[in-house]
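> Mind looking at a prediction? Sequence and model below.
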Amino acid sequence: MASELEYYHTPVLLKEVIELLITDKNGIYVDGTIGGGGHSEKILEALGEKGKLYGFDKDIEAIEYCKEKFKIELEKGGNSRLELFNECFSKACSITRHRGEWTGFLLDLGVSSRQLDESRRGFSYRRVGPLDLRFSPHGTKAEDLINAASEEDLAALLRKYGEEPFAKKIANAIVRQRKLTPIKTTVDLAKIVEGVVPRRILTKSLSRVFQAIRIAINDELNVLEKALQSTLACLAKGGRIVVISYHSLEDRIVKNFLRNNSMQRNRKEATIVPKLKILTPKPIMPCEEEIKSNPRSRSAKLRAAERIA
Ligand SMILES: C[S@@+](CC[C@H](N)C(=O)[O-])C[C@H]1O[C@@H](n2cnc3c(N)ncnc32)[C@H](O)[C@@H]1O
């Protein structure tokens, strides 16, 4: 690893991820959200010479960072245990399936600290920047959505993806404001929210509004559902799936996917062969010590399962 690289992100539940994910040192692993490569670094450390790790990220900046971070490994060319893909993790199965079944698949959802701290990405209401919020430079920017969507659609989006109690009022204020002047920056949007939401819940509302817009812009929930389903076609028997989510909407999707494909739900449904065994009856969450040293880990929930058929 190139140690002079700038800080990128602190990996969450690192020890727990490695313990649950790695079952064969020479297996094939996929890190669907490689980010700053914090989890991948430990995966590589745990792997033997014949092990393989495919790292995916939609954000080209994460891939470029990992190229530098894992330079020594990547310079091994054909013998490198690591390969990087600037692609959505929902494509990981179709891209890699011809290379062999997976021993482990990791998803650490959401945004990295680098993305949050980089004002030009617009992910954080705490930084002045353009309303972009995309993981990759393709598709609709948040600015376009905010300035074009109908008031009803905006309210529905804030309710559905942010569970925001003031959704209707915020949507109304957005529409009123954009008639005067287009909403272009994170601060423009934050000011609108500030104008309609009680001060005591302002921070929470701002987080919920930015989360809702990010989810919508990147179609995050549909992508997650699709990716989880496709995983079943690539995961080897005994292979593990480990997912860390950061809000209830994501966690619900993961929980339902694992339950719907596991023995737990299918016990009475003799005709359905369960495909997974749940390894975490309750989600694993960071301990106080981890939350103290990395406050951004506080909402993390890890769920894992093993392919059994
Ligand atoms: C929480 S960070 C991962 C951090 C990483 N585990 C580490 O240790 O540095 C989440 C990453 O997932 C990426 N991401 C989000 N949605 C994605 C998608 N659909 N496909 C691929 N990458 C995605 C983001 O760009 C971000 O880099």
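Arrived safely. No experiment lies behind these values; they were computed from the predicted model shown.

> use CA for all of it now, contacts and neighbours both
Will do.

> How about the secondary structure of residue 236?
strand (DSSP: H, G, I helix; E, B strand; the rest coil).

> which non-adjacent residue is nearest residue 187?
In space, and not counting its chain neighbours, residue 187 is closest to residue 128: 5.8 Å by CA to CA, 6 or more residues apart in numbering.

> List the contacts of that neighbour.
119-120, 122, 185-187 (CA atoms under 8 Å, 6 or more residues apart in numbering).

> Packing partners of the host helix or strand of residue 72?
Assessed by DSSP states H and E, residue 72 sits inside helix 71-74. Judged by 3 or more CA pairs under 8 Å, 6 or more residues apart in numbering; DSSP states H and E, the packing partners of helix 71-74 are strand 82-85.

> If we use 7 Å, what do you get?
In terms of contacts (3 or more CA pairs under 7 Å, 6 or more residues apart in numbering; DSSP states H and E), helix 71-74 is packed against no helix or strand at all.

> Just the buried positions in it, please.
Residues 73-74 are the ones in helix 71-74 that count as buried (16 or more other CA atoms under 10 Å).

> so the residue nearest to residue 187, which of the three states?
From three-state DSSP, the assignment for residue 128 is coil.

> for the one 10 residues further on, same thing?
With three-state DSSP as the basis, residue 138 sits in coil.

> which intervals of this protein have sub-threshold pLDDT?
1-4, 263-272 (pLDDT under 70).

> how many neighbours does residue 68 have?
Around residue 68 there are 15 other residues, counting by other CA atoms under 10 Å.

> That one belongs to a helix?
Yes. Under three-state DSSP, residue 68 sits within a helix.

> So which bits of the helix or strand residue 208 falls within are buried?
Using DSSP H and E, residue 208 sits in helix 202-217. Of the residues in helix 202-217, 202-203, 205-217 count as buried by neighbour count, 16+ other CA under 10 Å.

> Specify which member of those is nearest to residue 258.
residue 215 (21.5 Å; CA to CA).

> which residues does residue 9 contact?
By CA atoms under 7 Å, 6 or more residues apart in numbering, residue 9 lies in contact with 36, 112-114.

> Make CSV out of these and add neighbour count.
Formatted as CSV, the contacts of residue 9 follow (neighbours: other CA atoms under 10 Å):
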residue, neighbour count
36, 24
112, 20
113, 16
114, 18
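
> filter those residues by proximity to the ligand?
36, 112 (CA under 6 Å from any ligand atom).

> May I ask which two of the contacts of residue 9 are separated the most?
Longest span within these, CA to CA: 36 and 113, 9.0 Å.

> which residues do the two both contact?
8-9.

> Out of the contacts of residue 9, which is nearest to residue 227?
residue 112 (19.5 Å).

> For that closest one, which non-adjacent residue is spatially closest?
Residue 112 sits nearest to residue 9 (CA to CA, 6+ apart), 5.9 Å away.

> For the stretch 1-150 of the chain, which segments count as helices?
14-21, 38-46, 60-69, 71-74, 92-96, 113-117, 142-148 (DSSP state H, counting those that start in this stretch).

> now these as TSV including distance to residue 283?
Listed next are the helices of the stretch 1-150 of the chain as TSV, based on distance: least, CA to CA, whole Å:
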stretch	distance to residue 283
helix 14-21	11
helix 38-46	19
helix 60-69	27
helix 71-74	33
helix 92-96	24
helix 113-117	23
helix 142-148	32
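
> Enumerate the residues of the stretch 101-250 of the chain near the ligand.
Counting by CA under 6 Å from any ligand atom, the stretch 101-250 of the chain sits next to the ligand at 108-112, 135.

> which SSE is the residue in the stretch 201-309 of the chain positioned nearest to the ligand in?
Using CA to the nearest ligand atom, residue 223 is the residue of the stretch 201-309 of the chain that sits closest to the ligand, at 6.1 Å. Using DSSP H and E, the element containing residue 223 is helix 220-234.

> Show me what that helix is packed against.
helix 92-96.
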